[in-house]
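**Student:** Can you look at this prediction? I've put the sequence above it.
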Amino acid sequence: MDKEEKKKCYEEVLGSIKNMIEGEDDLLAVLSTISCELYHAFEHWNWVGFYRRTDARTLKVGPYQGGHGCLTIDIDRGVCGASVREKSIMMIRDVSTVDNHIVCDSKTKSEMVLPIVGRPGTVLAVFDVDSTELGAFDQMDKEYLSKLVDWIRPLYDRDASRFVDENQAGGGTNFSI
């Protein structure tokens, strides 16, 4: 897929997603829709989904599309864990070069993980996208996928099933799901 095709695909799928989730306040419905639509939009993506923060050390698989994902990830492990620890987007050109990469699907060659940071700075979840192609992710992916994260961040902050982390700054006002 060349740059123009990729841009067109993003604009179409993000437009569709925005129309589908507009006015929807159910977090699981929104995350499921995003995972499904993106998974089917990009043929070289073999996993699209979310890992939600359930406590200070643990990510649990959330809505996703693709092969079976890891059920639980300790934040000290893998690219998803690094995204939580560093509160930053991880764009991995070749997952085989990452010492603590967690292999859920041997076909995965590259990965991008975006943290979903809520108020006041707690990582609530990560948005994880895997590809069967080396170097599949670039600045364009970062730009468009960051827009999606911005759309859903307020839903995490309001979600009724959130985990209250009493040990974070803010006296228990940081929420994680």
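**Tutor:** Done, it's in.

**Student:** residues touching Met140, list them.
**Tutor:** With Cβ atoms under 8 Å, 6 or more residues apart in numbering as the criterion, the residues that contact Met140 are Lys3, Lys6, Lys7, Tyr10. No exception for glycine: its C-beta is placed from N, CA and C like everyone else's.

**Student:** correct me, but the last one touches Leu148?
**Tutor:** When you say that, I think you mean Tyr10. No. Between Tyr10 and Leu148 there is no contact under Cβ atoms under 8 Å: 9.8 Å.

**Student:** quick revisit: which of the contacts of Met140 has the largest number of neighbours?
**Tutor:** Highest neighbour count within those: Tyr10, with 20 neighbours (other Cβ atoms under 10 Å).

**Student:** Now that one: closest residue in space that isn't a chain neighbour?
**Tutor:** Closest residue in space to Tyr10, ignoring its immediate chain neighbours: Tyr144 at 4.3 Å, by Cβ to Cβ, 6 or more residues apart in numbering.

**Student:** any idea which strand is longest in the protein?
**Tutor:** Longest strand in the chain by number of residues, with DSSP state E as the criterion: strand 45-55.

**Student:** If you average pLDDT per helix and strand, which one of the protein comes out bottom?
**Tutor:** strand 175-176 (a mean of 30; mean pLDDT, DSSP states H and E).

**Student:** May I have the distance across stretch 66-82, first residue to last?
**Tutor:** 22 Å (Cα to Cα, to the nearest Å).

**Student:** What lies in contact with it?
**Tutor:** With contacts defined as Cβ under 8 Å, 6+ apart, stretch 66-82 is touched by 39, 45-49, 51, 57-61, 84-85, 90, 92, 95, 98, 100-102, 104-105, 111, 113, 126, 128, 130.

**Student:** what about the residue nearest to Tyr10, distance to Ala82?
**Tutor:** Applying Cβ to Cβ, to the nearest Å, the value for Tyr144 to Ala82 is 22 Å.

**Student:** Distance-wise, check the residue most central in space within the chain relative to Gly23.
**Tutor:** Taking Cα atoms, centre = their mean as the criterion, Phe127 is the residue nearest the geometric centre of the chain, at 0.2 Å. Per Cβ to Cβ, Phe127 is found 21 Å from Gly23.

**Student:** same check, this time on Ile152
**Tutor:** In terms of Cβ to Cβ, Ile152 sits 14 Å off from Gly23.

**Student:** same thing with Ile34?
**Tutor:** Ile34 is 15 Å from Gly23, where distance means Cβ to Cβ.

**Student:** Neighbour count: these two, which is higher?
**Tutor:** Legend: neighbour count by other Cβ under 10 Å for Ile34 and Gly23, higher for Ile34 (26 against 6).
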